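Student: Please find the sequence and the predicted model below.
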Amino acid sequence: MSDYRFCPHCATPLIDRTDPEEDGARLRRLCPDTECGYVHWNNPVPVVAAIVEYEGKILLARNAAWEEGVFALITGFLENGETPEDGVAREVLEETSLHVDTTELIGVYEFIRKNELIIAYHVRAHGTISLSPELLEYRLVEPAMLRPWRAGTGQALGEWMRRRGLPFEFVERAGQ
């Protein structure tokens, strides 16, 4: 369930209850005040991910919060009012200072562990790499040397490699 403990409308403590209209299929966090009626749906959050091709290689980055040796695709939350294509270009620019030239949709992937829906793109970019403070370092990897993990963005990377006829094996987690 979500981290919400109190109703954001009336501040009443929320309760967990199944929805009788759904035959009790899903547990929802809701406000017991019938006049309020707030329900926290806890829907997945849309995230954009970029397989950034730069000078013929793929850029992978390490987030400041991650352990050493763990690198992944450029990702970020889709913002209100922007298309996924605009969002992925914005994230690439914000996190790497690179400008996106072309954008190709790879696919949409579930990431249940983080309650996210990943919209993944292959982008070609140009410019000079300069990382945002949330990223510590980057690597430029030959496409044939990529090692996608089994979940989330790894599924997108695996699909991108498959479409290009590149051999790959999934690893158990990102960065291995």
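Tutor: Yep, it's here. Residues are numbered from 1 along each chain as shown.
Student: shaky segments in the chain?
Tutor: Under the criterion pLDDT under 70, the flagged ranges of the chain are 1-2, 19-24, 173-176.
Student: right, and the helix or strand after the lengthiest strand in it?
Tutor: Longest strand in the chain, counting residues (DSSP state E): strand 99-111. The element immediately downstream of strand 99-111 (helix or strand, assigned by DSSP states H and E) is strand 116-126.
Student: Any buried residues in that next one, and which?
Tutor: 116-125 (16 or more other Cβ atoms under 10 Å). All C-beta atoms are positioned from the backbone trio N, CA, C, and that covers glycine.
Student: for those residues, which one is nearest V108?
Tutor: Nearest to V108 out of the buried residues of strand 116-126 is I119 (Cβ to Cβ; 5.4 Å).
Student: any idea how far P84 is from that closest one?
Tutor: 5 Å (Cβ to Cβ, to the nearest Å).
Student: Mutual contacts of the two, please.
Tutor: 46, 48, 78, 105 (Cβ atoms under 8 Å, 6 or more residues apart in numbering).
Student: Kindly export the helix or strand containing the first one (C-alpha atoms) in PDB.
Tutor: In the assignment (DSSP H and E), P46 maps to strand 45-54. What follows is the C-alpha trace of strand 45-54 in PDB, where atoms were taken according to Å, rounded to 0.1, in the frame of the first residue of the first chain:
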ATOM      1  CA  VAL A  45       3.800   6.600 -12.100                       C
ATOM      2  CA  PRO A  46       5.000   7.200 -15.700                       C
ATOM      3  CA  VAL A  47       8.700   7.300 -16.100                       C
ATOM      4  CA  VAL A  48      10.700   7.900 -19.300                       C
ATOM      5  CA  ALA A  49      13.900   6.100 -20.000                       C
ATOM      6  CA  ALA A  50      16.600   6.800 -22.600                       C
ATOM      7  CA  ILE A  51      19.000   4.500 -24.300                       C
ATOM      8  CA  VAL A  52      21.300   7.400 -25.200                       C
ATOM      9  CA  GLU A  53      23.400   6.800 -28.300                       C
ATOM     10  CA  TYR A  54      26.400   9.200 -28.300                       C
END
